[in-house]
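A.B. asks: okay, here's the prediction I keep looking at, along with the sequence it came from:
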Amino acid sequence: MNKRPMCPTCERPQKTCLCAEMVELECNYQLVILQDPTEAKHALSSAPLLAKSIRGARLLVGDVFQPEAILGRDWRKDTLLVYPCENSLHRETARNTPFQNLILLDGTWRKARRLLHLNDWLKTLPHFALADSPASRYRIRKSPRPDGLSTIEAAALTLNTLQPDDDFSPILKAFDAMIAHQIEAMGRTTFSQNYPPT
């Protein structure tokens, strides 16, 4: 069975190559994406695009992670987790705290909660929750939460909030193109039937 030819750069099928839309930006953090193993098998996961869009970003796939191995000895004081909680840091506090690492969990809400449950150390980290999130552009996957965003959308919004002098929105161009390619492949009628506007 012949496999579809793949682009070696964006690692997408050559027919739907995203290189023309991709950018690589720098941020003030070491971006670490912890990805649920089943999410890693999803062809339309946004995490690989995010990892390629932020210079130095790390995409780690697994169930259980050792914080010192991936974040260093001072992980307790220099790491911020992007995840909703009641005691989320105010954005000014988050901006003015010299965090070195920024962690995002990649997977459905259920899978993200599972990662949190399996890695108790994540719960000890300062949390940052996104406020006033726009509607997700991830039109081909449904979230049980009205404020649910894809990982790349959450990263762009977080970085725009924490680094207001910079604009990370361009990393979403490749994501939008990936979604558009999939809708075209599905056919707009099929897409409309399966994903009616809310």
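C.D. replies: Structure's in. What do you need?
A.B. asks: now stretch 19-31: how far from the chain's centre is it?
C.D. replies: Taking CA atoms, centre = their mean, to the nearest Å, the mean C-alpha location of stretch 19-31 is offset from the chain mean by 12 Å.
A.B. asks: show me what counts as buried in that stretch.
C.D. replies: Using 16 or more other CB atoms under 10 Å as the test for burial, stretch 19-31 gives 21, 22, 25, 27, 29, 30, 31. Every C-beta, even on glycine, is put in place using the N, C-alpha and C of the backbone.
A.B. asks: what's the pLDDT at residue 195?
C.D. replies: Residue 195 is assigned 48 on the pLDDT scale.
A.B. asks: swap that for residue 169, please
C.D. replies: pLDDT, read off for residue 169, is 96.
A.B. asks: can you say which helix or strand has the residue nearest to it when sequence neighbours are not counted in it?
C.D. replies: In this structure, residue 169 finds its nearest non-sequential neighbour in residue 156, 5.8 Å apart by CB to CB, 6 or more residues apart in numbering. Secondary structure from DSSP states H and E places residue 156 in helix 151-162.
A.B. asks: what packs against that helix?
C.D. replies: Applying 3 or more CB pairs under 8 Å, 6 or more residues apart in numbering; DSSP states H and E, we find helix 151-162 packed against helix 47-53, strand 79-82, helix 91-96, strand 101-106, helix 172-186.
A.B. asks: looking at these, which is closest to residue 130?
C.D. replies: strand 79-82 (7.3 Å; CB to CB).
A.B. asks: for the closest one, buried residues please.
C.D. replies: Applying 16+ other CB under 10 Å to strand 79-82 flags 79, 80, 81, 82 as buried.
A.B. asks: repeat that for stretch 31-51.
C.D. replies: So for stretch 31-51, counting by 16+ other CB under 10 Å, buried means 31-36, 39-40, 45-51.
A.B. asks: likewise stretch 115-132?
C.D. replies: Buried, per 16+ other CB under 10 Å, within stretch 115-132: 115, 116, 119, 122, 125, 126, 127, 128, 129, 130.
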